[in-house]
Every structure is written in structure tokens, then in C-alpha cells.
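K.L.:
Everything below, folded, please.
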Amino acid sequence: MKINAVFEGGGVKGIALAGAVHAAESRGLTFNQVAGTSSGAIIASLVAAGYTSDELKAVIEATPFSAFMQRSKIFDTKLVGPLARLFLKKGLYSGETLEYWIHTLLLAKGIRTFGDLRPNQLRIVASDISGRRLLVLPDDIADYGIDPVQFPISKAVRMSTSIPYFFDPVIIRKSASKRLPTETFADQFVYIVDGGLLSNFPLWLFDQDEVPALDSMIPTIGFQLVGRGTGKPNKIFGPLSMLKALFSTMMDAHDERYIEDANRFRTVKIPTLGVSNTEFDISKEKSRELYESGNRAAENFLNKWKLTDYKSSYMQHVVRKRAPITF
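P.N.:
Residues are numbered from 1 along each chain as shown. Below you'll find the predicted structure:
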């Protein structure tokens, strides 16, 4: 059976999402359309490219995530270097290593741009902090004069994973056709960061007002990462540690959000075992535990899941909620 899947963002905790993919595959489920934010965008893009859960597990085991935190030596001197980089580049780390990593993985499957996939097969959420708006990629990139079909998926993933102050924002320049006559040179540049700022769990992306017959219905299942980080207080010694505490608190706060009753029928809640979003030095043992946590949570959910119950709950909680009020 086909499903649409939405993967929540959560930094390193996204490893657990790969385990959930394994449970879905084990039940014979195939992914029709997928979407994600931040680390959820990574999993969604690899699933869309054709990676199986076993391949995802192999990728995770072979990837030293701490490599994403590399920076040039000039910015690596104690305290002064990171602060200087933050001032000049708007982030502690570039994000280029992560983008190249995704690019290489996708290219191994013959995928580079959104045009290499089926229309609407993959959607990635990012945040335009210049225009103060949510972006659903690739479609919304057209608003800046960029062809959505030719837009690299790895660039979209980098946008969605650019945790503020941790990774550099992705800066794009509007095409001449999209610039206003009154805009200055600086106004032509747009800063795009982590989609989790505005929609970390975009479960609404595949919602429809009209529900098809049961035999042709493609349900949407969301995979949400729940649970705080280690629970240890952030130690603040100066401006740099304060910024780290700021974005770690901000990103972890997403996982404390209450799951609305209206969405429980289509949400797999995955415990994240005290791992924090930016724990890029995660041990192999903890990584395996996260993977297994995702697998168990999805198995438990799917053991009780039925399409008939899904359709009934969808009609009750989604369609009626979206229907306009008439007098």
C-alpha cells in the first residue's frame, strides 16, 4: 500500500526517522509523496531518491556527523575565531560539507534536481527570514526567479537544515525579473534558514478537502520526534555559549509541543532518548539506539493502524476542520 510521509526535523535525532522507515517497509508500505523539515528533509530526500531503510542505516553508520562542524583554521582559534565567523558569516559552521554529502548520496541514485523526481514527489520546508515567510520547496523558489525543476535538492536540504547561528544561512539573489524598482542592492539578497522556525512538522502538506474512495485513498502518516534533550542545563560563560544555548533551547522546544488530538491518528511518536539536536559527536551505540527507537515506535503504531479507521478520523478531524462555516 502507498502512503504519503511527513518527517519532522530534529537535527541529529533524525537518525530515528530511518528506523521508522524500516518498520514501514517491513509492513509492505511504499512511499508515494514525502516531505520533511531539517533532518526530516534529509530522510525525505533520500527516500524519494530510492534509498531503502537498509541503505539509510548503512549511510548513518558510515557517516561521522562531527565532520559537518568543520571550519577553516582562521576561524578556529579559541573564542575569537568562532565569534569572528559568526559576525562575518552569520553562522559557526558553513553547511557546505552537509550539502556536498547529500549531493553525493543523491547522485549515487542518479538524482540531482527536483526535475529528476516525479512532480510533487518531494517537498522540503525552509524559512525565508528576509521576507518573513515559510517556503515549500521546490515550488516557492520560483518566487525568486529560479526554476523549481532545475533547483538542486541538496541546496534545498541545506536551506532546511541551516539551524540559525549554528550553520550559515543560505543566501540567494533574486533574479532581475523579481526585483522591485525601489529595492537596494542589499534588498536583492534573501536569507534562508532552518524550516523548523516556522513549520517543523508540516503534516498539513498533503491534506485535501475532498476524500477519495477507500480503495484509491493514499493516507498520510507523520513521523514525529518527541522528548527533550539530555535535560542538563546549558552552561553560559559568554556570548558564544549564550548563542549556543539560545538555538539549542529554541530547536529542542519544538519537541515539547503538544500533539493535537486531531492528528494522533496519523502521527508516529518516536522517543529520542535524551539526544539533543546538535549532538553531532553522537556515539555509534547511541546512534543505533535511536534507529531502533524509530523502528519500535513505528512498529507499535502500525500494529494498530487500519485504513478504515484512518479515513473515518480524517473525515472527522481534517476535512470538517477545513470546511468553511456557512450560515
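K.L.:
contacts, neighbours, all on C-alpha from now
P.N.:
Will do.
K.L.:
which residues of the protein fall in strands?
P.N.:
2-7, 30-37, 91-93, 122-128, 133-137, 165-167, 170-173, 189-194, 220-226, 267-271 (DSSP state E).
K.L.:
ok, and which of those strands has the densest surroundings?
P.N.:
Highest mean neighbour count of those: strand 122-128, a mean of 27 (counted as mean count of other Cα atoms under 10 Å).
K.L.:
any low-confidence regions in the protein?
P.N.:
Counting by pLDDT under 70, the ranges of the chain that qualify are 70-89, 228-261, 321-327.
K.L.:
Could you verify my assumption that residue 148 touches residue 142?
P.N.:
Yes - if you go by Cα atoms under 8 Å, residue 148 and residue 142 touch, sitting 5.9 Å apart.
K.L.:
Give me the residue at the spatial middle of this structure.
P.N.:
The centroid of the chain falls nearest to residue 37 when counting by Cα atoms, centre = their mean (2.1 Å).
K.L.:
Name the residues linked to that residue by a beta bridge.
P.N.:
Judged by DSSP bridges, the bridge partners of residue 37 are residue 125.
K.L.:
List the contacts of it.
P.N.:
Shown in contact with residue 37 (Cα atoms under 8 Å, 6 or more residues apart in numbering): 7-9, 124-126, 160-161, 194-196, 199-202.
K.L.:
what does residue 56 give?
P.N.:
By Cα under 8 Å, 6+ apart, residue 56 lies in contact with 18, 46.
K.L.:
give me that answer again for 7 Å
P.N.:
Contacts for residue 56 (Cα atoms under 7 Å, 6 or more residues apart in numbering) come out as residue 18.
K.L.:
What separation do you get for it and residue 127?
P.N.:
Remark: distance between residue 56 and residue 127 (Cα to Cα, to the nearest Å) = 26 Å.
K.L.:
just residue 156 next, same as before
P.N.:
11 Å.
K.L.:
do the same with residue 165
P.N.:
For residue 165, the distance to residue 127 (Cα to Cα) stands at 14 Å.
K.L.:
got the residue ranges for the helices in the stretch 1-150 of the chain?
P.N.:
15-26, 39-49, 53-62, 80-89, 96-107 (DSSP state H, counting those that start in this stretch).
K.L.:
For the third one, buried residues please.
P.N.:
So the one you mean is helix 53-62. For helix 53-62, the neighbour count (16 or more other Cα atoms under 10 Å) marks 53, 56-57, 60 as buried.
K.L.:
ditto for the second one
P.N.:
For helix 39-49, a neighbour-count test (16+ other Cα under 10 Å) marks 39-49 as buried.
K.L.:
same deal with the first one?
P.N.:
Neighbour counts over helix 15-26 (16+ other Cα under 10 Å) mark 15-24 as buried.
K.L.:
Same question for stretch 140-158.
P.N.:
For stretch 140-158, burial by neighbour count (16+ other Cα under 10 Å) applies to 140-142, 144, 146, 148-149, 151-158.
K.L.:
Kindly format the C-alpha coordinates of that stretch as PDB.
P.N.:
Extracted in PDB, the C-alpha atoms of stretch 140-158 (Å, rounded to 0.1, in the frame of the first residue of the first chain):
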ATOM      1  CA  ASP A 140       8.200  28.500  -3.800                       C
ATOM      2  CA  ILE A 141      11.700  29.000  -5.200                       C
ATOM      3  CA  ALA A 142      10.000  30.300  -8.400                       C
ATOM      4  CA  ASP A 143       9.100  33.500  -6.400                       C
ATOM      5  CA  TYR A 144      12.800  34.400  -6.600                       C
ATOM      6  CA  GLY A 145      13.100  33.800 -10.300                       C
ATOM      7  CA  ILE A 146      14.600  30.400 -10.000                       C
ATOM      8  CA  ASP A 147      13.300  27.400 -12.000                       C
ATOM      9  CA  PRO A 148      11.900  24.800  -9.500                       C
ATOM     10  CA  VAL A 149      12.600  21.900 -11.800                       C
ATOM     11  CA  GLN A 150      16.300  22.800 -12.100                       C
ATOM     12  CA  PHE A 151      16.700  23.500  -8.400                       C
ATOM     13  CA  PRO A 152      19.300  21.200  -6.700                       C
ATOM     14  CA  ILE A 153      17.700  19.000  -4.000                       C
ATOM     15  CA  SER A 154      20.900  19.300  -2.000                       C
ATOM     16  CA  LYS A 155      20.600  23.000  -1.900                       C
ATOM     17  CA  ALA A 156      17.000  22.800  -0.600                       C
ATOM     18  CA  VAL A 157      18.100  20.400   2.100                       C
ATOM     19  CA  ARG A 158      20.900  22.700   3.200                       C
END
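K.L.:
Just the residues contacting it, thanks.
P.N.:
With contact meaning Cα under 7 Å, 6+ apart, stretch 140-158 is reached by 41-42, 95, 98-99, 102-103, 112-115, 124, 137-139, 174-175, 177-178.
K.L.:
And for stretch 295-314?
P.N.:
The contact list for stretch 295-314, computed with Cα under 7 Å, 6+ apart, reads 19-20, 22-23, 265, 268-270.
K.L.:
one more time with 8 Å
P.N.:
The contact list for stretch 295-314 (Cα under 8 Å, 6+ apart) reads 16, 18-24, 214, 219, 262, 265-266, 268-271.
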